[in-house]
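Visitor: Next come a sequence and a model predicted from it.
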Amino acid sequence: MKQFFSVADVTHLSDMVDEALRLKQAPFAYEHLGKRKTLGLVFLNPSLRTRLSTQKAALQLGMDVMVMNMDKDGWALETRDGVAMNGTTVEHIREAAAVMGQYCDVLGIRSFPKLQDRDADYSEDLFHKFSSYCGVPVVSLESATRHPLQSFTDLITIKEHWKESRRPKVVLAWGPHVKALPQAVPNSFSEWMCRAQADGMVDFTVAHPAGYALADEFTQGAAVTNTLDEALYGADFVYVKNWSSYKDYGQILPVSGQWMLDNSKLTTTNGAKVMHCLPVRRDLELASEVLDGPQSLVIQEAGNRVWAAQTVLKRILEGN
Ligand code: CP
């Protein structure tokens with residue numbers, strides 16, 4: 001593996017999930033792979049889980065890790081070509097990425113969308129430029145449109161907690177929020193679940209209020225509804241997440257009905273396990289009674305971030 005940006009970078013999805021679950025049983029089995037190799041983690045935005053789980057994964061593979069909080073400690077980056085840098089930007093991504101590639105064998109980068117210009121965000125300009133200029137394999141730590149380490153984790157968690165022979169019904173359920181959030185997590189979750197559905201691993205439904213449809217490219221094959229209760233009926237896993245509108249890009253639109261998942265809404269599910277990538281706003285996006293209840297998987301899910309990151313790094317170190 002040379003890059004981890006989307007599910008398209010994975011050849012056999014089920015094999016990679018199984019590999020992650022094996023690593024969970026033997027965390028130090030490949031400690032030799034990363035010896036004298038350096039992972040650089042570059043953050044242009046905040047992080048708790050991605051930062052710590054990816055560091056832990058790298059350490060368990062024997063790697064050294066360097067973290068650069070580019071937004072706070074780095075020079076202001078210019079990403080445009082052909083402009084005189086006579087404003088606030090100080091260093092061009094061409095030099096910055098190339099220099100980091102001199103110090104690191106593998107790089108990870110997190111860069112959120114600005115949610116102002118949809119075409120600019122969905123071009124993934126920053127990730128692609130960083131990847132092309134640094135000259136080493138790059139792992140997305142969440143980009144403008146996707147969060148593949150989170151989605152891989154989510155599939156690992158579903159497989160780990162599903163013991164029946166039939167496919168589980170997995171629902172992506174929009175939840176309310178007071179801020180306009182990116183579509184990266186739901187895009188990515190949907191993209192991974194559509195691929196898992198095509199591979200016979202899950203049945204997948206997306207539920208969101210009118211006006212919150214994700215871009216078609218991420219929901220190919222998914223059942224989509226604007227009725228949460230209809231989606232929840234018989235669900236085995238409910239993945240709660242807020243996102244801002246893709247159509248009215250970056251906007252928070254008026255919503256009718258009750259979209260915050262609480263225990264009463266879970267009664268028609270098949271005892272569904274509830275997931276969320278975290279951080280979550282309690283009693284706004286998801287009810288505390290669910291988060292603190294026996295159906296919540298959010299902490300186990302966050303724990304599994306290590307095994308997703310470790311599997312990806314292992315494959316990069318192995319060069320396959
Ligand atoms: N889920 C997730 O990516 O968490 P962080 O933003 O804290 O890394």
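Guide: Yep, that arrived.

Visitor: Looking at the stretch 101-250 of the chain, which residue is nearest the ligand?
Guide: The nearest approach of the stretch 101-250 of the chain to the ligand comes at residue 150, 5.2 Å away (C-beta to the nearest ligand atom). Heads up, the C-betas are built off the backbone N, CA and C, glycines and all.

Visitor: Heading C-terminal from the helix or strand that residue falls within, find the next helix or strand.
Guide: Residue 150 belongs to helix 148-160 when assigned by DSSP states H and E. For helix 148-160, the following helix or strand on the C-terminal side (DSSP H and E) is strand 169-174.

Visitor: Following the chain onward from that following strand, which element is next?
Guide: helix 184-198.

Visitor: following that following helix, which helix or strand comes up?
Guide: Once the chain leaves helix 184-198, the next helix or strand it forms, by DSSP H and E, is strand 203-207.

Visitor: can you list the residues that contact that next one?
Guide: Contact with strand 203-207 is made by 167-174, 186, 190, 193-194, 196-197, 214, 219, 221-228, 230-232, 235, as judged by C-beta atoms under 8 Å, 6 or more residues apart in numbering.

Visitor: how distant is it from the center of its chain?
Guide: 17 Å (C-alpha atoms, centre = their mean, to the nearest Å).

Visitor: That strand to strand 169-174, inter-axis angle?
Guide: Interaxial angle of strand 203-207 relative to strand 169-174 (axes from the mean of the first three to the mean of the last three C-alpha atoms, to 10 degrees): 20 degrees.

Visitor: Check whether the helix or strand bottoming out on mean pLDDT in the chain comes into contact with the ligand.
Guide: Least confident element among the helices and strands of the chain, by mean pLDDT, DSSP states H and E: helix 70-73 (a mean of 92). No: Helix 70-73 does not reach the ligand (C-beta under 6 Å from any ligand atom); its nearest approach is 13.3 Å.

Visitor: helices or strands up against that helix?
Guide: strand 38-43 (3 or more C-beta pairs under 8 Å, 6 or more residues apart in numbering; DSSP states H and E).

Visitor: what's the next secondary structure element after the strand it packs on?
Guide: Heading C-terminal from strand 38-43, the first helix or strand you meet, by DSSP H and E, is helix 49-60.

Visitor: tell me the mean pLDDT for that following helix?
Guide: For helix 49-60, mean pLDDT rounds to 98.

Visitor: Repeat that for stretch 82-91.
Guide: 97.

Visitor: Show me which positions of that stretch end up buried.
Guide: By 16 or more other C-beta atoms under 10 Å, the buried positions in stretch 82-91 come out as residue 91.

Visitor: Show me the contact partners of it.
Guide: Under C-beta under 8 Å, 6+ apart, the answer for stretch 82-91 is 74, 75, 76, 77, 78, 92.

Visitor: PyMOL command for the buried members of these?
Guide: A single PyMOL command selects the buried members of these (16+ other C-beta under 10 Å):
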select buried, resi 74+77+78+92
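
Visitor: Quick check, residue 293 in contact with residue 263.
Guide: Yes: assessed by C-beta atoms under 8 Å, residue 293 is found in contact with residue 263 at 6.7 Å.

Visitor: which ones are touching the residue nearest the centre of the chain?
Guide: In the chain, the centroid-proximal residue (C-alpha atoms, centre = their mean) is residue 147; its distance is 2.5 Å. By C-beta under 8 Å, 6+ apart, the residues touching residue 147 are 140, 184, 185, 188, 277.

Visitor: and those as CSV, adding distance to the ligand and neighbour count?
Guide: What follows is those, written out as CSV (distance: C-beta to the nearest ligand atom, whole Å; neighbours: other C-beta atoms under 10 Å):
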residue, distance to the ligand, neighbour count
140, 11, 29
184, 9, 24
185, 7, 22
188, 10, 26
277, 4, 25
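
Visitor: circling back: so what's the gap between the least confident helix or strand of the chain and the chain middle?
Guide: Offset of helix 70-73 from its chain centre (C-alpha atoms, centre = their mean): 22 Å.

Visitor: Moving C-terminal from that helix, which element do we reach first?
Guide: strand 77-78.
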